[in-house]
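K.L.:
A structural model of the following input is requested.
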Amino acid sequence: MNKSDLDAEKIEQILRGKRIQSIRENELHMNKTQLAKEIGVSSQFLGLVEDGRGNLVYKSIKKLRDISGHSADYILYGLDDNIINKTKKLLEKYSDEEIEKTISIISDIAIFIKN
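P.N.:
Down below sits the predicted model:
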């Protein structure tokens, strides 16, 4: 790994920590001790994570995802999860068979466009 990769990872870690802090403060309205207990870490470690000096393990990310309603992609990478939630709501109206047929049609269209 070169220096620019390490710098990019550090920036990503800092941004991840700020997202987690924002979720905790602005959405969950919890203090560090409360959230830390819910996701299975110490409040001191959660502080390190929020400061961009630590990373949560899978189990803690999964718990945070379940508590907050955000996708792991949003928590880890900041990817907008509104589209995921909107799509889930939209797809609730359709059966699995209808969704599979639609995906097949979209795949056929994509192949047609590429050729």
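K.L.:
what residues are up against Lys10?
P.N.:
Gly52 (CB atoms under 8 Å, 6 or more residues apart in numbering). (Each C-beta comes from the backbone N, C-alpha and C, glycine too.)
K.L.:
so what's Asp81 up against?
P.N.:
Counting by CB under 8 Å, 6+ apart, Asp81 makes contact with 70-71, 73-74.
K.L.:
Tell me the one among those nearest to Glu27.
P.N.:
His70 (8.4 Å; CB to CB).
K.L.:
picking up where we left off before, now the two most distant members of the contacts of Asp81.
P.N.:
Using CB to CB, the contacts of Asp81 reach their maximum pairwise distance at His70 and Asp73, which is 8.6 Å.
K.L.:
next structured bit after the helix or strand of the chain with the lowest mean pLDDT?
P.N.:
Least confident helix or strand, the chain: helix 82-91 with a mean of 83, by mean pLDDT, DSSP states H and E. Once the chain leaves helix 82-91, the next helix or strand it forms, by DSSP states H and E, is helix 96-114.
K.L.:
centre of the chain versus that following helix, how much separation?
P.N.:
Mean-position distance between helix 96-114 and its chain equals 27 Å (CA atoms, centre = their mean, to the nearest Å).
K.L.:
average pLDDT across it?
P.N.:
Regarding helix 96-114, the rounded mean pLDDT is 93.
K.L.:
Give me the contacts around it.
P.N.:
Here helix 96-114 makes contact (CB under 8 Å, 6+ apart) with 91, 94.
K.L.:
domain assignment for the chain?
P.N.:
For the chain, automatic domain parsing gives the domain ranges 1-79, 80-115.
K.L.:
Just name the most buried of the ones you listed.
P.N.:
domain 1-79 (a mean of 15; mean count of other CB atoms under 10 Å).
K.L.:
Distance-wise, check Phe112 relative to Ile99.
P.N.:
For Phe112, the distance to Ile99 equals 20 Å [CB to CB, to the nearest Å].
K.L.:
low-scoring stretches of this protein, by residue?
P.N.:
1 (pLDDT under 70).
K.L.:
before we move on, the earlier item: let me have the contacts of Asp81 in CSV, extended by secondary structure and distance to Asp7.
P.N.:
Shown next, in CSV, are those (DSSP: H, G, I helix; E, B strand; the rest coil; distance: CB to CB, whole Å):
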residue, secondary structure, distance to Asp7
His70, coil, 26
Ser71, coil, 26
Asp73, helix, 22
Tyr74, helix, 23
